[in-house]
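A.B. asks: based on what follows, work out the 3D shape:
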Amino acid sequence: MKNILVLSDEPIFATGLRQIIAGVEGFAVSTVCSNGKVMIDEIIRRGSPDLVVVGIASFITLNVFNQLQLIAGNTAIILRIEDVVPEFASQAFRLGVRAFLPRSATPEDYIACFRAVAGGGLWMPGNLRVHLLSIIETSLTPREVQLTMLLMQGLKNKQIAWELGLSEGTVKVYFSQLFLKVGANDRFELALLVLKNLTPSQTPDLWNFGSRDLKSGKSFALSRFSPQLTIQQHAG
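C.D. replies: Presented below is the predicted three-dimensional model:
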């Protein structure tokens, strides 16, 4: 039996979900929590459920998913959310989210979603699937991570050059190549792209990685949405 914990402050939704699940063999709604604190206390007290359905918009953040991973281990998370930014979805999948259900989802959608996720798969609306196919993954080298983290700390090229033991000209060349690599026009766009991709578990290690020593360097994957690829896919 797959146990489902529901986080929702909408009694009508919780009741409707119970009715849907009652007719599906192998699934049961074990608990309905009205807020995040109650949910976390419930997981700590009773153990991790198989699935968590999150229906409170204010609870849908990468930091929350990171906390859930620490508390609930491999519990699969299903989000009831209307609009999803592709970059956010890409990062959410890395933190245990396995499905996005729009508010307009039908009972059949919920059943298909639960079965897919329980079987180890993903579930999402078709338009989000198309957008995720248009995500470009770019891996930054340890040196590029150093440059980016120092840039995000507000350092100028001259200061970054001193920090890394490089010439200012070399730093300028590095940044020019990096902008081209990730599709950013300037320092601001690069910083914004990194912020969109940073998960809470990565932040401390990457933020402190600004020294000259590359031996313990960390790589970092950037995901960015390419509207051009979406247009090409629809045209094809």
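A.B. asks: and the chain, what are its domains?
C.D. replies: Per automatic domain parsing, the structural domains of the chain span 2-132, 135-235.
A.B. asks: for the longest one, the distance to its chain's centre please.
C.D. replies: Right, domain 2-132. Centroid separation between domain 2-132 and its chain, computed with CA atoms, centre = their mean, to the nearest Å, is 14 Å.
A.B. asks: what mean pLDDT does that domain have?
C.D. replies: Here domain 2-132 scores 86 as its mean pLDDT.
A.B. asks: which SS class is residue 52?
C.D. replies: Classification of residue 52 by DSSP: H, G, I helix; E, B strand; the rest coil places it in strand.
A.B. asks: quick one: it from residue 40, how far?
C.D. replies: Look at residue 52 and residue 40: by CB to CB, to the nearest Å, they are 11 Å apart. Every residue, glycine included, has its C-beta placed from N, CA and C.
A.B. asks: still on that earlier bit, possible to save the domains of the chain as CSV with mean neighbour count?
C.D. replies: Shown next, in CSV, are the domains of the chain (neighbours: other CB atoms under 10 Å):
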stretch, mean neighbour count
domain 2-132, 17
domain 135-235, 15
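A.B. asks: hmm, residue 27 is touching residue 6, no?
C.D. replies: No. Contact criterion CB atoms under 8 Å: residue 27 and residue 6 do not qualify, at 11.8 Å.
A.B. asks: quick one: the strands in this structure?
C.D. replies: Ranges of strands in the chain, per DSSP state E, are 2-7, 27-33, 51-54, 76-80, 97-101, 135-140, 220-225.
A.B. asks: so what touches the longest helix belonging to the chain?
C.D. replies: In the chain, taking DSSP state H as the definition, the longest helix is helix 168-182. Helix 168-182 has contacts (CB atoms under 8 Å, 6 or more residues apart in numbering) with 138, 140, 143-144, 147-148, 151, 157-158, 160-161, 164, 166, 184-187, 189-190, 193, 222, 224.
A.B. asks: what of stretch 96-106?
C.D. replies: Residues contacting stretch 96-106 (CB under 8 Å, 6+ apart): 65, 68-69, 72, 74-82, 84, 89, 109-110, 113, 116-117, 121-125, 128.
A.B. asks: helices - which of these land there?
C.D. replies: Using DSSP H, the contacts of stretch 96-106 in helices are 65, 68-69, 72, 89, 109-110, 113, 116-117, 128.
A.B. asks: quick check: the two most widely separated of the residues you listed?
C.D. replies: Distance extremes for the ones in helices among the contacts of stretch 96-106: the farthest pair is 69 and 109 at 25.5 Å, using CB to CB.
A.B. asks: could you find the closest non-adjacent residue to residue 190?
C.D. replies: Distance criterion CB to CB, 6 or more residues apart in numbering; nearest residue to residue 190, sequence neighbours excluded, is residue 184 at 4.2 Å.
A.B. asks: next one, pLDDT for that neighbour please.
C.D. replies: At residue 184, pLDDT is 84.
A.B. asks: so what's it up against?
C.D. replies: 178, 190, 193.
A.B. asks: check residue 186 too.
C.D. replies: So residue 186 contacts residue 179 (CB under 8 Å, 6+ apart).
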